[in-house]
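Asker: With the sequence up front, the predicted model follows.
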Amino acid sequence: GRLLVGSSLSGKTTILNEFFKRHPADDNLDGEAVRVPVLYVSLPESPKDSIYYQILGRLGVQLPSYTKFHVIRETALKLMCERGTQRVAFGKPLVNLGGNRERIAEARIMIEQARLLVLKAAWLIDTRGVMAAMSEISQIKVVCPNVAQQVIDMAIQMHGGGGMSNDFPLAAAWTMARALRLADGPDEVHRGLIAKFELMKYKG
């Protein structure tokens, strides 16, 4: 499974998530013989056990890239909320300053919208076949990395300069999300396909 373990637990601190384990701050950490509560398991031991994996498998998109965004988006939002409630500036928690509550709300809205788009595409594949979901599949390839990038950016802003440092995994996560907007084809290609399928509805 993919795990995120805090230093408050007994045993060595380790981050085993496929992405976060590459974070430079974790180079000297060892994940062996660490006991982890079920609460800290972000994804199941086998991809076959995950509904999210199954859905994306039916969509035919790159599993290692797109399932990762679900964890990264939620982790970024969690870090943003924790920073906002624990950090104080000008006598107030950060969450009460500068429209940060609105940013948290917007992040949650975008995350849920992305997840529901994935579910809709899976439903179309199951009920009407892959060809009926081609537009939604392209939409996912645009939406998933873009939403991740925006949520991570909000989290970086909440962390200030620290968000750009190796003290937090946010800057590296943002870079990965940005890279995926090219690695699986640029946004422009996917948007072009979406527009093509939309315009086909209006051909006489």
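Answerer: Sure thing, it's come through.
Asker: CA only for contacts and neighbour counts going forward, please
Answerer: Will do.
Asker: So for the longest helix along the chain, what gets flagged as buried?
Answerer: Ranked by residue count under DSSP state H, the longest helix found in the chain is helix 100-128. For helix 100-128, the neighbour count (16 or more other CA atoms under 10 Å) marks 100, 103-104, 107, 110-111, 114, 117-125 as buried.
Asker: Over to stretch 186-203?
Answerer: Per 16+ other CA under 10 Å, stretch 186-203 contains these buried residues: Asp187, His190, Arg191, Leu193, Ile194.
Asker: Could you dump these into JSON lines with secondary structure, distance to Leu180 and pLDDT added?
Answerer: What follows is these, written out as JSON lines (DSSP: H, G, I helix; E, B strand; the rest coil; distance: CA to CA, whole Å; pLDDT from 0 to 100):
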{"residue": "Asp187", "secondary structure": "helix", "distance to Leu180": "10", "pLDDT": "93"}
{"residue": "His190", "secondary structure": "helix", "distance to Leu180": "13", "pLDDT": "95"}
{"residue": "Arg191", "secondary structure": "helix", "distance to Leu180": "15", "pLDDT": "96"}
{"residue": "Leu193", "secondary structure": "helix", "distance to Leu180": "18", "pLDDT": "96"}
{"residue": "Ile194", "secondary structure": "helix", "distance to Leu180": "18", "pLDDT": "97"}
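Asker: which one among these gets closest to Glu82?
Answerer: Asp187 (31.8 Å; CA to CA).
Asker: Most widely separated two among the buried residues of helix 100-128?
Answerer: Asn100 and Ile125 (38.1 Å).
Asker: where along this structure do the strands fall?
Answerer: 2-3, 41-43, 88-89, 92-93 (DSSP state E).
Asker: Any idea which of those strands has the lowest pLDDT on average?
Answerer: Considering the strands of the chain one by one, the lowest average pLDDT is found for strand 2-3, at a mean of 46.
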